[in-house]
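*Asks:* show me how the following folds:
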Amino acid sequence: MLLSKGTSLVLGLSILLLGLSGCAQTPKISQTDRETYLQQFIGQSSQYIDRNLDLKRLGYQQISEPELSSQQLSYVVERPVTVPLPIAQFPAAGTGTVPVPVTVSPASGYDVNLQCKITFLLKDNIATSVSLSGRTC
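*Replies:* Okay, the predicted model is just below:
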């Protein structure tokens, strides 16, 4: 399939805007800030962690009760992300251009919940380390 330069430009801009919109929909906390926040719970009891861990601050929603054993405390969480679907609008008659939508409404996208597992390793009910597993952590 052959694309003209104008079509390629519009396609490229659409992809760029889609990427930027997707980035704007995700939480603003960096991986370093997330790790720093979780590290403050090392040396604390599982009860303290359960009472004070603010998953919303990290951009997560808890989807099940925490799992507690003698060796670990685990949280299964998800991060809701809205993936925008840009919709081309009809160009003004005779201009030969295709406007690229900049705004994204919930009606023009779909929601994805990305899962992650946060695990605190415990020794004598005190957290000794924390790890995150899953592609979305």
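*Asks:* in which helix or strand would I find L121?
*Replies:* strand 109-123 (DSSP states H and E).
*Asks:* after the helix-or-strand element of the chain with minimal mean pLDDT, which helix or strand is next?
*Replies:* Least confident helix or strand of the chain, by mean pLDDT, DSSP states H and E, is helix 5-24 with a mean of 45. As assigned by DSSP H and E, the chain's next helix or strand after helix 5-24 is helix 31-39.
*Asks:* which strands or helices does that following helix pack on?
*Replies:* Here helix 31-39 touches strand 126-133, going by 3 or more C-beta pairs under 8 Å, 6 or more residues apart in numbering; DSSP states H and E. In this view, the C-beta of every residue, glycine as well, is placed from N, C-alpha and C.
*Asks:* now the strand it packs on - C-alpha only, CSV.
*Replies:* Taking Å, rounded to 0.1, in the frame of the first residue of the first chain, the C-alpha atoms of strand 126-133 are listed here in CSV:
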residue,chain,number,x,y,z
ILE,A,126,9.0,-7.6,60.3
ALA,A,127,9.5,-6.6,56.6
THR,A,128,13.1,-7.3,55.5
SER,A,129,12.6,-6.5,51.8
VAL,A,130,10.1,-5.5,49.2
SER,A,131,9.7,-6.6,45.6
LEU,A,132,7.4,-5.9,42.7
SER,A,133,6.5,-8.4,40.0
